[in-house]
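> the following block contains a protein sequence and its predicted model.
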Amino acid sequence: MVGKRLSGIQRNGSLRHLADLTWQEARETLLPETVVLLPIGAIEAHGPHLPLNTDVIIAAQLAFRAGNSLAEQGMSVVIAPPVCYGVSYVGSCFPGTIPAPREIVTGLVASVLIELARWGPRRLVVVNAHLEPAHIDALSAAVALAAQTSGAAVAFPDKRQPRWATTLSEEFQRGARHAGAYETSLMFAVQPEAVRTELLPNLSPVVVDLPARLKAGARTFAEAGGKDGYFGNPAMASVAEGERLFAALVTMVVTAVGELGDWRALPVAAPESIDTS
């Protein structure tokens, strides 16, 4: 018998980090009704003022805040370890950016989702903070493959969609979505010590619609007009704006979970038995 059972706690609503669990605790936690959040980011340049792992930090924090909100509603929630590498070739003109091929990202994310679902959970959510178009395409393919293979419901809320973009910032809606006031504010809200605040007054606004430039053929941030690897106005960032943005993003994730429907209507996985003799 495995010590204290966790299923009762889970059924009353709780938030757990998968990496913190033992395998016995994971067995009692990864139940059909459990919602799993998978944070995904990238390691890439975010201007001279933000760290390379900015997207990973934002995705992990969003998963944590959304997980808390879901747990407060009585749901059982597990946060999986983040996927730290993404399709980030647009930032590859700057040192430290580490892109992964699209097919590798699709295969990895699909595999992670399928394996998570194999142990029981019927609802999984990709919590992504990296917006390079090829990366989004890779994740979309991974989600489709995982849902088809596992029978679980997999959500991939996309903040670029109008219903979510309009809840964010004017800067975001104009397409200046990389390392400007939007992401810098989010970082101020979660890890302010990581922001090189002394540089902000000297960062002039880069008023560029990054998605439009990429669609027009720009291959890198530099070619798109971001010679220092940022777009927008980082100097306008604030903690208060970061908190407002996180609240809007939490609503997006929580809504995505609700739109997955009732887990009881989905085919229940049959986890492999484990011989503990």
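Arrived safely, thanks for sending. Residues are numbered from 1 along each chain as shown.
> tell me the contacts of Ser150?
Leu113, Ile114, Ala117, Arg118, Ala269 (C-beta atoms under 8 Å, 6 or more residues apart in numbering). Heads up, the C-betas are built off the backbone N, CA and C, glycines and all.
> relative to Phe246, which of the residues you listed is nearest.
Leu113 (24.1 Å; C-beta to C-beta).
> quick check: closest non-adjacent residue to the closest one.
Nearest non-adjacent residue to Leu113, counting by C-beta to C-beta, 6 or more residues apart in numbering: Ala146, 3.6 Å away.
> and the pLDDT at the one you found?
Ala146 is assigned 98 on the pLDDT scale.
> tell me how many other residues crowd the residue nearest to Phe221 when sequence neighbours are not counted.
Excluding the flanking residues, the one nearest Phe221 by C-beta to C-beta, 6+ apart is Gly229, at 5.2 Å. Counted with other C-beta atoms under 10 Å, the neighbours of Gly229 add up to 23.
> same question, Arg244
16.
> look at it and tell me its secondary structure.
Assigned with DSSP: H, G, I helix; E, B strand; the rest coil, Arg244 falls in the helix class.
> by pLDDT, give me the weakest of the contacts of Ser150.
Among the contacts of Ser150, Ala269 carries the lowest pLDDT, at 75.
> show me where the stretch 1-150 of the chain has helices.
Ranges of helices in the stretch 1-150 of the chain, per DSSP state H, counting those that start in this stretch, are 7-11, 23-29, 54-72, 102-118, 133-150.
> which helices and strands does the second one pack with?
It refers to helix 23-29. Under the contact criterion of 3 or more C-beta pairs under 8 Å, 6 or more residues apart in numbering; DSSP states H and E, helix 23-29 touches helix 7-11.
> please tell me the pLDDT value assigned to Arg264.
87.
> just to revisit the earlier point, the residue nearest to Leu113 and His130, how far apart?
18 Å (C-beta to C-beta, to the nearest Å).
> quick revisit: could you export the helices of the stretch 1-150 of the chain as a markdown table, including distance to Glu170?
Output for those, formatted as a markdown table (distance: least, C-beta to C-beta, whole Å):
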| stretch | distance to Glu170 |
| --- | --- |
| helix 7-11 | 41 |
| helix 23-29 | 41 |
| helix 54-72 | 19 |
| helix 102-118 | 30 |
| helix 133-150 | 21 |
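> which of these sits most buried?
helix 54-72 (a mean of 23; mean count of other C-beta atoms under 10 Å).
> what's it in contact with?
Helix 54-72 is contacted by residues 13-15, 35, 37-44, 46, 51, 77, 79, 82, 84, 86, 127-130, 179, 183, 186-187, 189-191, 194, 246, 249-250, 253-254, 257 when judged by C-beta under 8 Å, 6+ apart.
> on that earlier part again, closest one to Gly242 among the helices of the stretch 1-150 of the chain?
Of all those, helix 54-72 sits nearest to Gly242, with 9.6 Å by C-beta to C-beta.
> which residues in the stretch 101-250 of the chain form strands?
123-128, 153-155 (DSSP state E, counting those that start in this stretch).
> would you format these as TSV with distance to Gly107 and mean pLDDT included?
Formatted as TSV, these follow (distance: least, C-beta to C-beta, whole Å; pLDDT from 0 to 100):
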stretch	distance to Gly107	mean pLDDT
strand 123-128	15	98
strand 153-155	15	98
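> tell me the most buried of the ones you listed?
Neighbour counts (mean count of other C-beta under 10 Å) averaged over each of the strands of the stretch 101-250 of the chain peak at strand 123-128, with a mean of 27.
> which helix or strand in the protein has the lowest average pLDDT?
Counting by mean pLDDT, DSSP states H and E, the chain has its least confident helix or strand at helix 7-11, which shows a mean of 34.
> tell me which of the helices of the stretch 1-150 of the chain sits nearest to Pro157.
Comparing the helices of the stretch 1-150 of the chain by C-beta to C-beta, helix 54-72 comes nearest, at 9.6 Å.
> kindly provide the distance from the residue nearest to Phe221 to Glu33.
Gly229 is 43 Å from Glu33, by C-beta to C-beta.
> now Val90
Val90 is 39 Å from Glu33, by C-beta to C-beta.
> of these two, which one has the most company?
A count of neighbours by other C-beta under 10 Å puts Val90 above the other of Val90 and Glu33, at 30 against 16.
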